[in-house]
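>>> Show me how the following folds:
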Amino acid sequence: METTIFEDQILFQKSRLLCQSQFGRQPYIIEMSVHSAGISLMFSGLIDFEDQRIPDDIDKQYLHVFILLEQFISPILSKRIAKIFHKDIDHVFIDWQKRNNTAHLTFLFKDWQMALSYERYEGREQLHNEISRLTNKIEKRPFTVQSLWINPTRLLVIRTGLLIYLEKKSRLSRSLQSLRISKRKVELEYFKQKITYPQFVQQSLQSAYLDWTFDCNMSVLILQFN
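Numbering: from 1, shown residues only. A predicted model of the protein is given here:
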């Protein structure tokens, strides 16, 4: 799946203008990865920490960025991406890391499951087993684990059926944002520090991005290697 230079420029320019409108400046770098399951966008240098609208608390910073991306930027980009690729968007996953001031947005097409079913690479099953093992330590073993390399250094992992009973009840009785924050802290720590990667991954982990659609009981994890 490819885009023309003109289409890339339209999407990049739209992203810049949307970020400018919500964060007061454009990202330093915008990267786009087109893959069989959807589109991934990475915004580096997203926010200005001197901006007085940015909260001091790190959790509130994350929520501030997440809400702006979720409510004001991703819906417009979803429509633009659907128009360019002639495919409907099924899910959008969003995360932002303060350490490198970078946001990662993953737009999954409606047929993402079929696309991932054809994905094969060396060590795939070994990696899925390790991710399932680690997820089971945190909450429970997921129903499915699927993955694909969206570029030479970035791996997209989709898990389904991973919420435990308590979390299913919690999402109905309290803020989804509170649940997202608490799960994000625990899971990112595990995936950054305690996962054993297969030998074929000859790169060190640089960063990780994580989000969920709680209603669909699924999660997207992006592993960024050096």
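
>>> How are the strands of the protein distributed by residue range?
Remark: strands assigned in the chain by DSSP state E are 29-35, 38-44, 89-97, 102-109, 144-151, 154-160, 205-213, 218-225.

>>> Show me the one of the ones you listed that comes nearest residue 21.
strand 38-44 (13.5 Å; CB to CB). Backbone N, C-alpha and C define where each C-beta goes, glycine included.

>>> okay if I get the strands of the chain as TSV plus mean neighbour count and mean pLDDT?
Output for the strands of the chain, formatted as TSV (neighbours: other CB atoms under 10 Å; pLDDT from 0 to 100):
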stretch	mean neighbour count	mean pLDDT
strand 29-35	16	93
strand 38-44	23	96
strand 89-97	21	97
strand 102-109	25	98
strand 144-151	18	93
strand 154-160	21	95
strand 205-213	20	92
strand 218-225	22	93
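
>>> Might you list the low-confidence residue ranges for the protein?
1-7, 165-174, 198-202 (pLDDT under 70).

>>> Looking at the protein, which residue reaches furthest from the middle?
For the chain, the residue at maximal distance from the C-alpha centroid (CA atoms, centre = their mean) is residue 52, at 26.7 Å.

>>> State the phi and psi torsions of that residue.
phi -70, psi -10 (degrees, to the nearest 10).

>>> which residues does residue 162 contact?
135, 139-143, 217-219 (CB atoms under 8 Å, 6 or more residues apart in numbering).

>>> again, only this time at 7 Å
135, 139-140, 142, 217, 219 (CB atoms under 7 Å, 6 or more residues apart in numbering).

>>> List buried residues within those.
135, 142, 217, 219 (16 or more other CB atoms under 10 Å).

>>> picking up where we left off before, which among the strands of the chain is found nearest to residue 122?
Closest approach to residue 122 among those is made by strand 144-151 (10.8 Å; CB to CB).
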